[in-house]
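Novice: next one to model:
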Amino acid sequence: MATLLEMTASIVASHAQTYPMTTDNLILELKTVYAALQSIGTGVIVELKTAEAAAPTLTLKQAFKKDEVICMICGKEMKSLTRHINQAHQLKPAQYRKQFNIPKTQPLMSKSYAAKRKEIAAGMDLGANLLKARAARKGVVADKKAKFPTVKGKAPVPAVKKKAAVPAKAVKK
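Specialist: The predicted structure follows:
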């Protein structure tokens, strides 16, 4: 049977292969895993920090590279983050951006992938189709406004209010 130290080293080594770690993170991970395994053996419950509560170990420059993007939560490398953060972490892009202070101008995909998609869109003339759709939409809105003219301001109020005539009561004989 493997010793506690060997199990700790094995677990941390496999985690370090899939997630880039600094030396400080590696030492912290070793201590945390060792304490967790020790508490399992003794039956004493130890509170551990969760990975999501910890500060990200990557900078924006490290996470958003030319050919890949690294998820700042799990460390997975991919071309686009949007689907991954939705499916794997149940986060919307706005929540992810807020959590890691990512500016709205930064696309959640690699630079080369964004350029490739832009090139494909230009080749399919999607920009022209968008302009046509917007022009058609403006025409429909203008037609609706022409059919139903809007009245600006309040309706004129009569200067003198007259009381309504009260019908006379019929006298019964």
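Novice: state which helix of this structure is the longest.
Specialist: Ranked by residue count and defined by DSSP state H, the top helix of the chain is helix 126-147.
Novice: what's in contact with that helix?
Specialist: Here helix 126-147 makes contact (CB atoms under 8 Å, 6 or more residues apart in numbering) with Ala121. Yep, even glycine has a C-beta here, placed from its N, CA and C like the rest.
Novice: can you show me the CA trace of it as CSV?
Specialist: Output of helix 126-147 as CSV, limited to C-alpha atoms (Å, rounded to 0.1, in the frame of the first residue of the first chain):
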residue,chain,number,x,y,z
LEU,A,126,-22.7,38.6,-43.4
GLY,A,127,-22.1,42.3,-42.9
ALA,A,128,-24.1,43.2,-46.0
ASN,A,129,-26.9,40.9,-45.0
LEU,A,130,-27.0,42.5,-41.6
LEU,A,131,-27.3,46.0,-43.2
LYS,A,132,-30.1,44.8,-45.4
ALA,A,133,-32.0,43.3,-42.4
ARG,A,134,-31.6,46.5,-40.5
ALA,A,135,-32.8,48.6,-43.4
ALA,A,136,-35.8,46.4,-43.9
ARG,A,137,-36.5,46.6,-40.1
LYS,A,138,-36.3,50.4,-40.3
GLY,A,139,-38.8,50.4,-43.2
VAL,A,140,-41.3,48.3,-41.2
VAL,A,141,-41.0,50.5,-38.2
ALA,A,142,-41.5,53.6,-40.3
ASP,A,143,-44.6,52.1,-42.0
LYS,A,144,-46.1,51.4,-38.6
LYS,A,145,-45.4,54.9,-37.4
ALA,A,146,-47.1,56.3,-40.5
LYS,A,147,-50.2,54.3,-40.0
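Novice: give me the distance from it to the chain's centre.
Specialist: 30 Å (CA atoms, centre = their mean, to the nearest Å).
Novice: what comes up buried for it?
Specialist: For helix 126-147, the neighbour count (16 or more other CB atoms under 10 Å) marks no residue as buried.
Novice: could you give the mean pLDDT of it?
Specialist: In this model, helix 126-147 carries a mean pLDDT of 81.
Novice: adjust the sequence numbering to begin at 342 for everything that follows.
Specialist: With 342 as the first residue, the last one maps to helix 467-488.
Novice: for Thr359, which residues are in contact?
Specialist: 416-417.
Novice: what's the spacing between it and Glu418?
Specialist: As for Thr359, its distance to Glu418 is 9 Å (criterion: CB to CB, to the nearest Å).
Novice: do Met362 as well
Specialist: Met362 is 14 Å from Glu418, by CB to CB.
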